[in-house]
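Student: Give the three-dimensional model of this entry:
(one chain, ligands or ions: 1)
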Amino acid sequence: MIPVIRPLLGAEEAAAAAEAITSGWVAQGPRVAEFEAAFAEATGSGHAVAVSSCTAGLHLAMIAAGVGAGDQVIVPSLSFIATANAARYVGAEAVFADVDPATLNLTTATVEPLLTERTRAVILVDQAGVPADLDAMRALCDPRGITVVEDAACAAGATYRDRPAGAGASLAAFSFHPRKLLTTGEGGMIITPDPDLAARLRRLREHGMNVSAAARHAERQSVIERYLEVGYNYRMTDVQAAIGLVQLRRLGDIVARRRQLAQRYQRLLGQIPGLRMIADPGYGTTNFQSFWVALHEKFPVTRNELLQRLASAGISARRGIMAAHLEPAYAHYRRAADLPVTERLSSCSIILPLFHQLTRDEQNQVISAMFNAAGLPFPADREPTTSAAGWPG
Ligand SMILES: Cc1ncc(COP(=O)(O)O)c(C=O)c1O
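Tutor: You can find the predicted model right below:
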């Protein structure tokens, strides 16, 4: 079976993890600090705070942005459910806005009609690694005192206006889940240009302590820690950070390979009439974290039938991005706006296999199965040319 994704983890990551284990320090420590410094440098963002997941990062970003009970947070429904849940964790109301059909991201046109006196934040998702138009959203929100938190879960290696995605946000959270390009097993990173926000995030991820366990350990005299506010255990381990350091060094190569494979999909699948696919927006580059394809209404088979046909051909595809408002967790939730683009895309799109090790033969199998389902012959191919943008590697 061709999987939808396969993480790129090898001997270097294994050696780095082993080194962390044998060092005797496996919890949050020097490697987490090193990973944070490397990530801050790679994004040019001033400060990076490692956490146990992007979900944890979004939760802390909500707290740091001052979002609380009674506030409203505008989010896309067309996203992994963790985006909306982050608002709920702090007692705020998640207000679902529709998305742009080309980028799958919120736009000022979908968000502006939903702004109220209670709107405290917008969570702007870089869906599937396609950067959202952050500057436009900030131009709408900043003058109103509304914080734009970038959910860059999928966006490590993507670029926005020639900078790494996330770099222009006051708070952005990344995911290192194995479905992402850069993985630490589980894990996440929050970036911010603001040193005070970074200090608060560091405290919140470690039980609200005024001094980290690693810093206390390094002291030659006894240090009695204080707990300044109610915090959480959202720490990353040094074993994860050791893996992350290796992955970050490889990110440029991983993105380049993704873009090469994605461009071949675009070129060949683009010959199927009416198929729409993930693509770079005009103002940035995607890392092609998930290669989504939206079916035309006249596509000869339904989305679910297509998934079944692909499975029968030994190809593990997935439904497209979920719509949170259609899940039981949000079944009785107030809906401020109709979400026609979200509902259509969540029901007519799929995600095709795309990962570093995907071979030409495997990719041909996927393309051939798609043409088969469309009732068309497999096309002749020409080699693409490609280049990667941004990020280290
Ligand atoms: C847009 C988005 N936000 C948040 C998350 C949650 O990330 P994590 O699994 O690291 O908590 C994901 C994970 O897929 C995601 O795609």
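Student: Next, the residues that contact the helix-or-strand element of the chain with minimal mean pLDDT from outside, please.
Tutor: Lowest on mean pLDDT, DSSP states H and E among the helices and strands of the chain sits helix 213-218, with a mean of 83. With contacts defined as C-beta atoms under 8 Å, 6 or more residues apart in numbering, helix 213-218 is touched by 25, 27-30, 32-33, 206, 223, 225. All C-beta atoms are positioned from the backbone trio N, CA, C, and that covers glycine.
Student: which of these tops the neighbour count?
Tutor: Tallying neighbours with other C-beta atoms under 10 Å puts Val32 at the head of the contacts of helix 213-218, with 28 neighbours.
Student: Could you dump the contacts of helix 213-218 into JSON lines with secondary structure added?
Tutor: Written out in JSON lines, the entries for the contacts of helix 213-218 read as follows (DSSP: H, G, I helix; E, B strand; the rest coil):
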{"residue": "Trp25", "secondary structure": "coil"}
{"residue": "Ala27", "secondary structure": "coil"}
{"residue": "Gln28", "secondary structure": "coil"}
{"residue": "Gly29", "secondary structure": "coil"}
{"residue": "Pro30", "secondary structure": "helix"}
{"residue": "Val32", "secondary structure": "helix"}
{"residue": "Ala33", "secondary structure": "helix"}
{"residue": "Glu206", "secondary structure": "strand"}
{"residue": "Val223", "secondary structure": "coil"}
{"residue": "Glu225", "secondary structure": "coil"}
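Student: Distance check, Gln263 against Ala109.
Tutor: When C-beta to C-beta, to the nearest Å is applied, the distance between Gln263 and Ala109 equals 29 Å.
Student: So for those two, which residue has more residues nearby?
Tutor: Per other C-beta under 10 Å, whichever of Gln263 and Ala109 has more neighbours is Gln263, with 15 against 12.
Student: Quick check: next helix or strand after the strand or helix carrying the more buried one?
Tutor: According to DSSP states H and E, Gln263 maps onto helix 238-269. Heading C-terminal from helix 238-269, the first helix or strand you meet, by DSSP H and E, is strand 276-277.
Student: The helix or strand just after that next one pairs with which strands?
Tutor: Read in the C-terminal direction, the helix or strand following strand 276-277 is strand 284-285, with elements assigned using DSSP H and E. Using DSSP bridges, strand 284-285 pairs in its sheet with strand 159-160 (antiparallel).
Student: Could you identify the helix or strand that succeeds the partner strand?
Tutor: In N-to-C order, the element after strand 159-160 by DSSP H and E is strand 163-164.
Student: Name the next helix or strand following that following strand along the chain.
Tutor: Secondary structure here is assigned by DSSP H and E; on that basis, the next helix or strand after strand 163-164 toward the C-terminus is strand 171-175.
Student: Parallel or antiparallel, list what pairs with that next one.
Tutor: strand 147-151 (parallel), strand 188-192 (antiparallel).
Student: Now mean neighbour count, distance to the ligand and mean pLDDT too, for the ones you listed, in JSON lines please.
Tutor: Formatted as JSON lines, the entries for the strands paired with strand 171-175 read as follows, by neighbours: other C-beta atoms under 10 Å; distance: least, C-beta to the nearest ligand atom, whole Å; pLDDT from 0 to 100:
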{"stretch": "strand 147-151", "mean neighbour count": "28", "distance to the ligand": "5", "mean pLDDT": "99"}
{"stretch": "strand 188-192", "mean neighbour count": "29", "distance to the ligand": "5", "mean pLDDT": "98"}
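Student: Kindly reformat those strands as CSV containing distance to Ile2.
Tutor: Supplementary listing: the strands paired with strand 171-175 in CSV, determined by distance: least, C-beta to C-beta, whole Å:
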stretch, distance to Ile2
strand 147-151, 29
strand 188-192, 28
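Student: Ok, which of those comes nearest Pro101?
Tutor: Set against Pro101 and scored by C-beta to C-beta, the strands paired with strand 171-175 come closest in strand 147-151, at 19.1 Å.
Student: which residues touch the closest one?
Tutor: Looking at what lies outside strand 147-151 - C-beta under 8 Å, 6+ apart - the contacts are 54, 58, 61-62, 65-67, 79, 83, 120-126, 132, 134, 137-138, 141-142, 165-166, 169-173.
Student: Buried only: go through the residues you listed for me.
Tutor: Among those, the ones that count as buried by 16 or more other C-beta atoms under 10 Å are 54, 58, 61-62, 65, 67, 79, 83, 120-126, 132, 134, 137-138, 141, 165-166, 169-173.
Student: Out of those, list just those in helices.
Tutor: Assignment to helices by DSSP state H places the following of the buried ones among the contacts of strand 147-151 there: 54, 58, 61-62, 83, 134, 137-138, 141.
Student: With pLDDT added, can I get those residues in JSON lines?
Tutor: Output for those, formatted as JSON lines (pLDDT from 0 to 100):
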{"residue": "Cys54", "pLDDT": "99"}
{"residue": "Leu58", "pLDDT": "99"}
{"residue": "Ala61", "pLDDT": "98"}
{"residue": "Met62", "pLDDT": "98"}
{"residue": "Thr83", "pLDDT": "98"}
{"residue": "Leu134", "pLDDT": "98"}
{"residue": "Met137", "pLDDT": "98"}
{"residue": "Arg138", "pLDDT": "98"}
{"residue": "Cys141", "pLDDT": "98"}
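Student: could you pick out which of those residues are near the ligand?
Tutor: Among those, the residues within reach of the ligand (C-beta under 6 Å from any ligand atom) are 54, 83.
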